[in-house]
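Asker: Here is a sequence together with a model predicted from it:
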Amino acid sequence: MDIDADAPMFVISVAAELAEMHPQTLRQYDRMGIVTPQRSPGRSRRYSQHDVDALRTVQRLSQEGVSLEGIRRVMQLENQVRALQSRVAELSAELARVEAAGGPVDAARVFAAGIAGDVVSLARGQRPRPRSQAVVLWRGPGH
């Protein structure tokens, strides 16, 4: 049985002990948005193993002389990378499913990106709506 590293299972006192920090430090990091735990229905903080690992990273960066604002930015970027890696894995799995099903990968599809960075697939001959201000990213062969 695998344990989900993102499952909120530690109360603040346990997370603080695992990270070798004072609980008040964890509260401060939460207020600053450096490490933000999930909340139980009663609004108490619940830390995951991933959160504890992040707290250890914060502690290491702090000992190396990085400012709290610098640490906040590093953690924000690490979370963004993690989310992007997860999305790549989802898309790779979807592509593998399509290819395994014997369905042709339509090389004539067009992909566009909206202002918010979202990517949409357009049918051949379809144009992005002007209000979305989408930019064509890739066209299959023959375009």
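Answerer: Here it is on my side, so go on.
Asker: Pop the domain breakdown of this structure in here.
Answerer: Domain segmentation of the chain under automatic domain parsing yields 12-77, 110-139.
Asker: Most tightly packed of these?
Answerer: domain 12-77 (a mean of 15; mean count of other CB atoms under 10 Å). For the C-beta atoms, the positions are set from N, CA and C on the backbone; glycine is no exception.
Asker: Now do the end-to-end distance for it.
Answerer: End-to-end distance of domain 12-77 (CA to CA, to the nearest Å): 24 Å.
Asker: mean confidence for stretch 60-68?
Answerer: Mean per-residue pLDDT for stretch 60-68: 95.
Asker: same question, stretch 118-132
Answerer: For stretch 118-132, the mean confidence score works out to 67.
Asker: okay but R46 is in contact with S13, surely?
Answerer: No: counting by CB atoms under 8 Å, R46 does not reach S13; the two are 11.8 Å apart.
Asker: Spatially central, which residue of the chain would that be?
Answerer: A83 (2.1 Å; CA atoms, centre = their mean).
Asker: Could you measure from it over to E90?
Answerer: Going from A83 to E90 by CB to CB, to the nearest Å gives 11 Å.
Asker: And M32, by the same measure?
Answerer: From M32 to E90 the distance is 30 Å (CB to CB).
Asker: what sits against the nearest residue to R45 once chain neighbours are set aside?
Answerer: Excluding its sequence neighbours, the residue lying closest to R45 (CB to CB, 6 or more residues apart in numbering) is P37, at 4.4 Å. Shown in contact with P37 (CB atoms under 8 Å, 6 or more residues apart in numbering): P8, I12, A15, L26, D30, R45, R46, Y47, S48, D51.
Asker: what's the closest of the residues you listed to G125?
Answerer: Nearest to G125 among those: S48, at 46.8 Å, using CB to CB.
Asker: Tell me the predicted confidence for that closest one.
Answerer: For S48, the predicted pLDDT is 94.
Asker: Quick check, it in contact with F10.
Answerer: Yes: contact criterion CB under 8 Å: S48 and F10 qualify, at 7.4 Å.
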